[in-house]
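> I'll drop the sequence and a predicted model, then ask my questions.
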Amino acid sequence: MLRLENLSLTQGVFTMTADMALPAGARLALIGPSGAGKSTLLNLIAGFTPPDQGRITWQGDDLTDAAPGARPVSILFQDNNHFPHLTVAQNVGLGLRPALKLTAAEAAEVDRALDQVGLAGMGTRKPGTLSGGQQSRAALARVLVQKKPIVLLDEPFAALGPALKGEMLDLVAEVLDQTGATLIMVSHQPEDARAIASHVSVVADRTITPPQETEALFTNPPQALRDYLGG
């Protein structure tokens, strides 16, 4: 269980509060207007931003003051965070060892992850030689090798076309089916949430609503979500 207990954050004129619980293995989409705090919430969970008050716990362990690298969390950003001077395999290997001094077993694990995301045989290439979809797959492979029980997606597929984005969401779902990881993803599109998320939280009016089942929420949306969707 991931718990955000009475979290609050103030940054200048921006304030946000969150109090919610998410079962292990759930898939949560955060939906709401730009600037409402969706990415900020991911940064709080990942440890990049400390809360002003409240606690973050996972399976009963307090993560509030833990360093980002010590948390059971992997995160995928919009720009994929590839280092252009490294090979694809090296970029994936960073998920295991920042110094890239991989054992033979770890190198084999990188190869397996690349194969799993459909990039077998491309480990020696540089990220700049890959298509946008292939770069997203390589970034997902880096998440795979980390084997963290919480996966955060900060719109990593936003730049892809609808069909390719759909393929990536399907691939993420396949990975989650195999690993059982908990997913929290930022989304601006209801169809993306419906495609992969079991639950949705609305981020608006400086608060994050508790997770609700996806179809139930869209069938009877709260006013904040109706305002955002425009209907």
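Arrived safely, thanks for sending. Residues are numbered from 1 along each chain as shown.
> Tell me the confidence at the closest residue to residue 211 other than its chain neighbours?
In space, and not counting its chain neighbours, residue 211 is closest to residue 199: 3.8 Å by C-beta to C-beta, 6 or more residues apart in numbering. In short, each C-beta sits where N, CA and C put it, glycine included. On pLDDT, residue 199 comes in at 95.
> Spit out the contact partners of residue 199.
22, 26-29, 211-214 (C-beta atoms under 8 Å, 6 or more residues apart in numbering).
> any idea which helix is longest in this protein?
helix 162-179 (DSSP state H).
> what is the orientation angle of the following helix or strand past it with helix 162-179?
Note on helix 162-179: by DSSP states H and E, the next helix or strand toward the C-terminus is strand 182-187. Per axes from the mean of the first three to the mean of the last three C-alpha atoms, to 10 degrees, the angle that strand 182-187 makes with helix 162-179 is 170 degrees.
> picking up where we left off before, reformat the contacts of residue 199 as JSON lines; add pLDDT.
Putting these into JSON lines (pLDDT from 0 to 100) gives the following:
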{"residue": "22", "pLDDT": "95"}
{"residue": "26", "pLDDT": "95"}
{"residue": "27", "pLDDT": "96"}
{"residue": "28", "pLDDT": "97"}
{"residue": "29", "pLDDT": "96"}
{"residue": "211", "pLDDT": "94"}
{"residue": "212", "pLDDT": "93"}
{"residue": "213", "pLDDT": "94"}
{"residue": "214", "pLDDT": "94"}
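> can these go into a markdown table with extra columns for neighbour count, distance to residue 67 and secondary structure?
Converted to a markdown table, those look like this (neighbours: other C-beta atoms under 10 Å; distance: C-beta to C-beta, whole Å; DSSP: H, G, I helix; E, B strand; the rest coil):
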| residue | neighbour count | distance to residue 67 | secondary structure |
| --- | --- | --- | --- |
| 22 | 23 | 22 | strand |
| 26 | 16 | 25 | coil |
| 27 | 22 | 26 | strand |
| 28 | 24 | 24 | strand |
| 29 | 28 | 27 | strand |
| 211 | 23 | 27 | coil |
| 212 | 17 | 32 | strand |
| 213 | 12 | 34 | strand |
| 214 | 21 | 33 | helix |
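> and which of those residues is nearest to residue 223?
The shortest approach to residue 223 among these belongs to residue 212, at 14.1 Å (C-beta to C-beta).
> right, and the closest one touches residue 193 too?
No - taking contacts as C-beta atoms under 8 Å, residue 212 lies outside contact range of residue 193: 11.1 Å.
> what do the two both touch?
Common contact partners of residue 212 and residue 193 (C-beta under 8 Å, 6+ apart): residue 200.
> returning to that earlier point: out of the contacts of residue 199, which one sits closest to residue 116?
Nearest to residue 116 out of the contacts of residue 199 is residue 27 (C-beta to C-beta; 18.8 Å).
> Can you name the residues that contact the closest one?
So residue 27 contacts 176, 182-183, 185, 196-199 (C-beta under 8 Å, 6+ apart).
> Repeat that for residue 58.
Counted by C-beta under 8 Å, 6+ apart, residue 58 has contacts 1-3, 71-72, 149-150.
> how does this protein divide into domains?
For the chain, automatic domain parsing gives the domain ranges 2-72+148-229, 85-147.
> what about the spatially closest residue to residue 77 that is not a sequence neighbour, distance to residue 176?
Among residues not flanking residue 77 along the chain, residue 154 sits closest, at 5.1 Å (C-beta to C-beta, 6+ apart). Distance, residue 154 to residue 176, by C-beta to C-beta, to the nearest Å: 16 Å.
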